[in-house]
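Student: Predicted model and sequence below, questions to follow.
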Number of protein chains: 2
Amino acid sequence: MSGKPALKRANGPLTVVDDRSVAARLFALLDAFAAPAGATSLTLTLTALAERAGLPLSTTHRLVGELVGWGALTKQHNGQYSLGMKLWELGVQTPTAQNLRTIALPYLEDLYETTREHVHLAILDGRDALYLEKLSGHHAVRLTSRVGARLPLHSTGVGLVLLAHAPADVLQAYLATGLERFLPRTVTEPDAVRKRLAEIRLTGVARLSEEMTRGSSSIAAPIRDRTGRVVAAVSIVTRTTLIVDPEREYAVRLAAQGVSRALGYRRAQQ
Amino acid sequence: MSGKPALKRANGPLTVVDDRSVAARLFALLDAFAAPAGATSLTLTLTALAERAGLPLSTTHRLVGELVGWGALTKQHNGQYSLGMKLWELGVQTPTAQNLRTIALPYLEDLYETTREHVHLAILDGRDALYLEKLSGHHAVRLTSRVGARLPLHSTGVGLVLLAHAPADVLQAYLATGLERFLPRTVTEPDAVRKRLAEIRLTGVARLSEEMTRGSSSIAAPIRDRTGRVVAAVSIVTRTTLIVDPEREYAVRLAAQGVSRALGYRRAQQ
DNA sequence: CCGGCTACTTCCACTGAATGGAAGACACTG
DNA sequence: CAGTGTCTTCCATTCAGTGGAAGTAGCCGG
């Protein structure tokens, strides 16, 4: 691979920091493990890793050695490498994740108990909805989401809620890039999306059917912090039915309000 | 491997890999954020960070710049640094955590629902019980545990279960170091611990009262994978009462069995 | 308004840590 | 047992990283 500049990452969040710096190489190695979509966590051989990170084998070997020594990677019995516990340990200490999760979890559990459906908690990160938490029972519908997943803003319940309350420039930028159509019913036309967002702001809930995963629908509501800013969104994902039942919507609203209140939000204004 | 410098692996939090290497410096910076016990996630100024990591300020400045660029650290409005979302994102993809959690969560939820108590899921990592998951309602007792926390093996329910099924050498090594007494009732005498572990192996449950946190008791049971090896432990932590109630113990057992079965364990032998 | 303090940022000449090609070890496989 | 793919080690070369020092920004008290 001569192509001297920049690593050629294909899919996913490519954060080239500086390239050439040792740090950047280490990051490239870790990024090589970023799982694509809803896939299971990767496991790579040294050679595969070197290739994905765009580094010479011997360099990879040495750096991987350091990463393993620290615990960021683990070498399994079969010689494959995977992300290590140390990374998990540090990761769960990240303030945003840690705090929001801790505060929200009890309410999410309540929501799960009353509805028995998948419960999601997500925040806006860049151009994606980043799933912080997901509860689901033994049966519920199969889904692409998982904790740590990034899903599009325009085709998920939490995504639309987050988008509805995002700063104008973020919305602008998001709509500017073409929106992918996952299923026939996915709304991708910018103006239609804007209209939809206005309604979501008005009613305080988002409802979607068959826009991301066949056979499933979603109801989502915003979570606000003490300043009133929308910082996250909760949703439930249910099997699509024709009946619109207001009870579930109420349950989602209730959960969102509970978390907001726990974050210090008092619906003051007006 | 001449016995020269560094390479100080111990799997405690302070993992000096080689020192001098760029990687080691980066790791030191990240390690500086490792929260002590049950504390909230740290937030540090550049200077504090430099100090904790034992690096010159200018070096710290540059490296921190790279870490922020990649997303491992975040600079907050007030100029303080904290762990960043990228780290969380990678962390939750760690196979052990990811898989166990995904499989176990539904059972933990059931357990929470029937008991309304703190529910813990932990694995053995080094000399500690590492808490992978924690569910707790709005009320339950206040505790030191949290997801990502490390607590001692001899004074927690999950810890004792894990220790009871640990390889002989691990147990040996653990008992060799003096065990800390947290409360008057903490069992710290090696032989007493061994006896206790034998009982836990026999009955399949661990019960503790007032050994770690004042006012709380715990019931824990082992989780096995398809090979029959104990890979994790579940527990509930309740307010201490005088009544030993068998229902809760049954619920914990049930949850542990559920997860074990989901992991492919068939209680074959005997 | 200023001087003094602390905390952060930038600069750059020097140097030793990191590099990577190549060769050696290992492990399958047919 | 040669053949192929993968991993590990070595070491001369050099360029990325270093860190002392100087510059900048922000804050406080007088």
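Tutor: Looks like it arrived, so ask away. Residues are numbered from 1 along each chain as shown, chains lettered A, B, ... in the order given.
Student: Span of stretch A:229-245 from start to end?
Tutor: 28 Å (CA to CA, to the nearest Å).
Student: pLDDT averaged over it, what's the number?
Tutor: Per-region confidence: stretch A:229-245 scores 89 on mean pLDDT.
Student: Could I get the CA-only coordinates of the longest helix seen in chain A as PDB?
Tutor: The residue-count maximum for a helix in chain A (DSSP state H) belongs to helix A:95-115. What follows is helix A:95-115, C-alpha atoms only, in PDB (Å, rounded to 0.1, in the frame of the first residue of the first chain):
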ATOM      1  CA  PRO A  95     -19.300  11.400  32.200                       C
ATOM      2  CA  THR A  96     -22.200  11.800  29.700                       C
ATOM      3  CA  ALA A  97     -22.800   8.100  29.400                       C
ATOM      4  CA  GLN A  98     -22.300   7.400  33.100                       C
ATOM      5  CA  ASN A  99     -24.500  10.200  34.400                       C
ATOM      6  CA  LEU A 100     -27.400  10.000  32.000                       C
ATOM      7  CA  ARG A 101     -27.500   6.300  32.200                       C
ATOM      8  CA  THR A 102     -27.500   6.200  36.000                       C
ATOM      9  CA  ILE A 103     -30.200   8.800  36.200                       C
ATOM     10  CA  ALA A 104     -32.400   7.400  33.400                       C
ATOM     11  CA  LEU A 105     -32.200   3.700  34.100                       C
ATOM     12  CA  PRO A 106     -34.900   3.400  36.700                       C
ATOM     13  CA  TYR A 107     -37.300   5.200  34.500                       C
ATOM     14  CA  LEU A 108     -36.400   3.100  31.600                       C
ATOM     15  CA  GLU A 109     -37.000   0.000  33.700                       C
ATOM     16  CA  ASP A 110     -40.500   1.300  34.600                       C
ATOM     17  CA  LEU A 111     -41.200   1.900  31.000                       C
ATOM     18  CA  TYR A 112     -40.000  -1.500  30.100                       C
ATOM     19  CA  GLU A 113     -42.200  -3.100  32.700                       C
ATOM     20  CA  THR A 114     -45.300  -1.400  31.700                       C
ATOM     21  CA  THR A 115     -44.900  -1.900  28.000                       C
END
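Student: so what strands line up beside the helix or strand following that helix?
Tutor: Going down the chain from helix A:95-115, the next helix or strand is strand A:118-125, by DSSP states H and E. Pairing partners of strand A:118-125, with direction, according to DSSP bridges: strand A:128-135 (antiparallel), strand A:230-239 (antiparallel).
Student: The host helix or strand of residue A:174: how far from the chain's middle?
Tutor: Following DSSP H and E, one finds residue A:174 within helix A:168-176. Distance of helix A:168-176 from the chain centroid (CA atoms, centre = their mean, to the nearest Å) equals 18 Å.
Student: Stretch A:134-141 now?
Tutor: Centroid separation between stretch A:134-141 and its chain, computed with CA atoms, centre = their mean, is 17 Å.
Student: ok, the residue of chain A found nearest chain B - contacts?
Tutor: Shortest chain A-to-chain B distance, computed as CB to the nearest CB: residue-wise this is residue A:91, at 2.0 Å. Any C-beta I mention is one placed from the backbone N, CA and C, and that applies to glycine too. By CB atoms under 8 Å, 6 or more residues apart in numbering or on different chains, the residues touching residue A:91 are A:97, B:83, B:87, B:88, B:89, B:90, B:91, B:92, B:94.
Student: The residues you listed: which two are farthest apart?
Tutor: B:83 and B:94 (15.2 Å; CB to CB).
Student: about what we covered before: mind checking how far the residue of chain A closest to chain B is from DNA strand C?
Tutor: Separation of residue A:91 from DNA strand C (CB to the nearest atom of the strand, to the nearest Å): 24 Å.
Student: Phi and psi next, for that residue.
Tutor: Main-chain torsions, residue A:91, degrees, to the nearest 10: phi -60, psi -50.
Student: Quick check: pLDDT value at it.
Tutor: 93.
Student: host element of the spatially closest residue to residue A:122 that is not a sequence neighbour?
Tutor: Using CB to CB, 6 or more residues apart in numbering or on different chains and skipping the chain neighbours, the partner closest in space to residue A:122 is residue A:158 (3.9 Å). Assigned by DSSP H and E, residue A:158 belongs to helix A:157-164.
Student: what helices or strands is that helix leaning on?
Tutor: Packing partners of helix A:157-164 (3 or more CB pairs under 8 Å, 6 or more residues apart in numbering or on different chains; DSSP states H and E): strand A:118-125, strand A:128-135, helix A:168-176, helix A:190-203, strand A:206-209, strand A:216-224, strand A:230-239.
Student: From residue A:27, how far out is whichever residue of the stretch 51-200 of chain A sits closest to DNA strand D?
Tutor: Proximity to DNA strand D, evaluated over the stretch 51-200 of chain A using CB to the nearest atom of the strand, is greatest for residue A:58 at 3.6 Å. Distance, residue A:58 to residue A:27, by CB to CB, to the nearest Å: 19 Å.
Student: Flag every buried residue along the strand or helix carrying the residue of the stretch 51-200 of chain A closest to DNA strand D.
Tutor: Element membership for residue A:58, per DSSP H and E: helix A:57-70. By neighbour count on 16 or more other CB atoms under 10 Å in any protein chain shown, the buried set for helix A:57-70 is A:60, A:63, A:64, A:66, A:67, A:68, A:69, A:70.
Student: Give the full set of residues in contact with the first one.
Tutor: Taking CB under 8 Å, 6+ apart, we find residue A:60 in contact with A:29, A:46, A:49, A:50, A:53.
Student: how does it look with 6 Å?
Tutor: A:49, A:50 (CB atoms under 6 Å, 6 or more residues apart in numbering or on different chains).
Student: quick one on the thing from earlier: what is the longest helix of chain A packed up against?
Tutor: Helix A:95-115 sits against strand A:118-125, strand A:128-135, helix A:246-262, with contacts defined as 3 or more CB pairs under 6 Å, 6 or more residues apart in numbering or on different chains; DSSP states H and E.
Student: who's more crowded, residue B:83 and residue B:94?
Tutor: Taking other CB atoms under 10 Å in any protein chain shown, residue B:83 and residue B:94 do not tie; residue B:83 has more neighbours (29 against 26).
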